[in-house]
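Colleague: Quick one, structure for this:
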Amino acid sequence: MYRPKSKHEWIFCGILGAQALIILAIEAFILAEWQLWVHPNIIQITASYIVPVESAIMFFACIYVFFLSLDAVHHRNNMLLLAICVSNACALAFSILLYRNMKETINEMPSQRDGMNQPLVDPERNIWTLIQGFQIASPIFIGLCTLATWASAFQLQKEYAWAIYRSVQGDSDTRSRYLTYEIYLVLNKIAVFFIICFVLQYGLIDVHFEQPEFGLTMGLLPVTLLLMILGFYVVRLERKFLMTFVIVCYLAMIAYLLSRIIILYGHGIRANTAGKDMMLLFAITALVLLVLTLVCSIRCFVNFGHGLKPIIAGKDEKVRDSFHFHSIGGHAPFPIEHTNGRLSLA
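Modeller: Numbers count the residues shown, from 1 in each chain. Below is the predicted model of the structure:
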């Protein structure tokens, strides 16, 4: 695993690492209290999956953003820094919705009974008083981390700007193609996260093991991951046939998300589900990101054969060399032969 090197890299990754650890502790405590509160017969209702699934997604969001931060500082990718900050803001919105959903679920559970008229939870135990403080602390902590990551990312982008400029030799056309490539990679990584979150919620809570839709829905998880990996591979090697296949897959995924959004907004059985607002949040965000990914993938396809491939192949070494040049101490002597020469950015 790549280790940060500069002070701002350590700060940026450290903030997101601390966020992941704290959220893990909070969600683990909430899940432990939930398991002590519910009875085994709670699995008879769909609502029993809401709290475990949403808690797992909350932690997954934080740990995924943390690993993205390591990827961003490893490749010195300014676009990914921005995407991480935006994604963390989305995690903040999710944590706020999670507070409301948790409160509504806990208030409804004590009055529900199974087929034998047995309670689904321990009516003598007031779980909300135990976890309310943690549910409030989660969005507050994520909000503070989000503000801190924005400030840290601003410092990092200034460090990386010169390195990125040097890696593409300052040519305007090459910079434009390189920027399209970087945006495509970033959108691909972020879209996958929102698709996974939607599929988990929709499959486990709404579809709830009803075959064959449940199997087909959960099958999208490995397909989405494979599509992301294939997208990275073909755009680096400029394989037009495989890139055409990837673009067709993006269109199919967009059509699927559109159909699920229409269903959730409709009046059928699937529209009457718990956690509907969160499903729509993830589905709509994933749809927007996929459309943007599709546009960038087409732009990358058009750019194949225009000299970007060798730059991408050697980009890591060039960016690192440029970055180290940028970070030389300010007291280093200036070469004598360049004293009267013009500054060259080539």
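
Colleague: domains of the protein?
Modeller: Annotated domains of the chain cover 1-167, 169-319 [automatic domain parsing].

Colleague: now those domains as a markdown table including mean neighbour count and mean pLDDT?
Modeller: For glycine as for every other residue, the C-beta is placed from the backbone atoms N, C-alpha and C. What follows is these, written out as a markdown table (neighbours: other CB atoms under 10 Å; pLDDT from 0 to 100):
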| stretch | mean neighbour count | mean pLDDT |
| --- | --- | --- |
| domain 1-167 | 18 | 84 |
| domain 169-319 | 17 | 85 |
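
Colleague: So which residues of the chain form helices?
Modeller: Secondary structure of the chain (DSSP state H): helices located at 7-37, 50-75, 78-108, 127-167, 172-201, 213-218, 220-237, 240-265, 276-303, 309-313, 315-326.

Colleague: Distance to residue 116 added to the ones you listed, as CSV?
Modeller: Output for these, formatted as CSV (distance: least, CB to CB, whole Å):
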stretch, distance to residue 116
helix 7-37, 19
helix 50-75, 23
helix 78-108, 19
helix 127-167, 23
helix 172-201, 30
helix 213-218, 27
helix 220-237, 36
helix 240-265, 33
helix 276-303, 29
helix 309-313, 63
helix 315-326, 63
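
Colleague: which stretch among those helices comes nearest residue 121?
Modeller: With CB to CB, the closest approach to residue 121 among the helices of the chain belongs to helix 7-37: 5.3 Å.

Colleague: chain center to that closest one: distance?
Modeller: 16 Å (CA atoms, centre = their mean, to the nearest Å).

Colleague: Now do it: which elements does it pack against?
Modeller: In this structure, helix 7-37 packs against helix 50-75, helix 78-108, helix 127-167, with contacts taken as 3 or more CB pairs under 8 Å, 6 or more residues apart in numbering; DSSP states H and E.

Colleague: Looking at the ones you listed, which is nearest to residue 191?
Modeller: helix 78-108 (10.1 Å).

Colleague: is it true that residue 49 touches residue 207?
Modeller: No. Residue 49 is beyond contact range of residue 207, at 10.9 Å (criterion: CB atoms under 8 Å).

Colleague: re the thing from before, residue 119: which of the helices of the chain is closest?
Modeller: helix 7-37 (10.9 Å).

Colleague: That closest one vs helix 127-167, what angle?
Modeller: 150 degrees (axes from the mean of the first three to the mean of the last three CA atoms, to 10 degrees).

Colleague: quick one: which of the helices and strands packed on helix 7-37 is nearest residue 23?
Modeller: helix 50-75 (4.6 Å).

Colleague: relative orientation of the closest one and helix 7-37 in degrees?
Modeller: Using the same axes, to 10 degrees: helix 50-75 against helix 7-37 is 170 degrees.

Colleague: Nearest residue to residue 298 in space, please, no chain neighbours.
Modeller: residue 247 (6.6 Å; CB to CB, 6 or more residues apart in numbering).

Colleague: Please apply the same query to residue 52.
Modeller: Per CB to CB, 6+ apart, closest to residue 52 is residue 31, 6.4 Å.

Colleague: cool, residue 156 as well?
Modeller: In space, residue 156 is closest to residue 8, 5.0 Å off (CB to CB, 6+ apart).

Colleague: One more: residue 256?
Modeller: Nearest non-adjacent residue to residue 256 (CB to CB, 6+ apart): residue 220, at 7.6 Å.

Colleague: From residue 214, how far out is that neighbour?
Modeller: 11 Å (CB to CB, to the nearest Å).

Colleague: now residue 32
Modeller: Applying CB to CB to residue 32 and residue 214 gives a distance of 28 Å.

Colleague: now residue 128
Modeller: 31 Å.

Colleague: ok, now residue 12?
Modeller: Distance, residue 12 to residue 214, using CB to CB: 39 Å.

Colleague: Please apply the same query to residue 236.
Modeller: 35 Å.

Colleague: for residue 73, same thing?
Modeller: For residue 73, the distance to residue 214 - CB to CB - is 39 Å.

Colleague: again with residue 27
Modeller: 25 Å.

Colleague: Repeat that for residue 308.
Modeller: Taken as CB to CB, the span from residue 308 to residue 214 is 42 Å.

Colleague: And the contacts of stretch 216-230?
Modeller: Here stretch 216-230 makes contact (CB atoms under 8 Å, 6 or more residues apart in numbering) with 188-189, 192, 195-196, 199-200, 202-203, 207, 242, 245-246, 249-250, 253, 256.

Colleague: can you check stretch 119-134 too?
Modeller: 26, 29-30, 33-34, 36-39, 41-42, 44-45, 48, 102-103, 106-107, 109-110, 112-114.

Colleague: List the contacts of residue 118.
Modeller: Counting by CB under 8 Å, 6+ apart, residue 118 has contacts 39, 41.

Colleague: One more pass at 7 Å, please.
Modeller: residue 41 (CB atoms under 7 Å, 6 or more residues apart in numbering).

Colleague: Cool, thanks, signing off.
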